[in-house]
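Asks: A predicted structure for the sequence below; I have some questions about it.
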Amino acid sequence: MEPTLETFTAQAMDEGFDEILVREWAPSLELDTHSHVFAVSARVVRGEFWLTVDGGTRHIPAGQSFRLARDVPHAERYGPQGATVWVARAN
């Protein structure tokens, strides 16, 4: 069964994440290498994107999840349809 935003939120909070966002990313958006002061657990629910970490790039289509520790340099590239991503942050 596909998770809902409510089940994603409940699981993330149980795991210690303290902020939940629904992010809408523009088509073909590219974000140069950067890092965050928070850890992330996220699920792509529409569209797709590519996450580059340590020289390796991972394609993440709708229906897949990923995690990223705080302070990890990474780059992001979104597909031609953009993307909707549920994001849990551990601040």
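Replies: Yep, that arrived. Keep in mind that what you see is a predicted model, and the values were worked out from it rather than measured. Residues are numbered from 1 along each chain as shown.
Asks: Helices along the protein, start to end?
Replies: 5-14 (DSSP state H).
Asks: which strand is the longest one in it?
Replies: Using DSSP state E to define each element, the chain has its longest strand at strand 74-90.
Asks: Okay, angle between it and helix 5-14 too, please.
Replies: Angle, strand 74-90 to helix 5-14, by axes from the mean of the first three to the mean of the last three Cα atoms, to 10 degrees: 80 degrees.
Asks: and strand 74-90, what does it pack onto?
Replies: For strand 74-90, the elements it packs on are helix 5-14, strand 19-25, strand 30-34, strand 39-53, judged by 3 or more Cβ pairs under 8 Å, 6 or more residues apart in numbering; DSSP states H and E. (Each C-beta comes from the backbone N, C-alpha and C, glycine too.)
Asks: let's see it at 6 Å
Replies: Packing partners of strand 74-90 (3 or more Cβ pairs under 6 Å, 6 or more residues apart in numbering; DSSP states H and E): strand 19-25, strand 30-34, strand 39-53.
Asks: what's that strand in contact with?
Replies: Contact with strand 74-90 is made by 8, 12, 16-17, 19-33, 38-39, 41-50, 52-53, as judged by Cβ atoms under 6 Å, 6 or more residues apart in numbering.
Asks: picking that back up, mean neighbour count and mean pLDDT added to the helices and strands packed on strand 74-90, as CSV?
Replies: CSV is the format used below for the helices and strands packed on strand 74-90 (neighbours: other Cβ atoms under 10 Å; pLDDT from 0 to 100):
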stretch, mean neighbour count, mean pLDDT
strand 19-25, 13, 98
strand 30-34, 10, 98
strand 39-53, 18, 98
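Asks: that older thread, so what strands line up beside the longest strand of the chain?
Replies: Partner strands for strand 74-90, per DSSP bridges, with pairing direction: strand 19-25 (antiparallel), strand 30-34 (antiparallel), strand 39-53 (antiparallel).
Asks: quick one on the thing from earlier: got the helices and strands packed on strand 74-90 as TSV, with distance to residue 63 columns?
Replies: Below are these laid out as TSV (distance: least, Cβ to Cβ, whole Å):
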stretch	distance to residue 63
strand 19-25	16
strand 30-34	22
strand 39-53	7
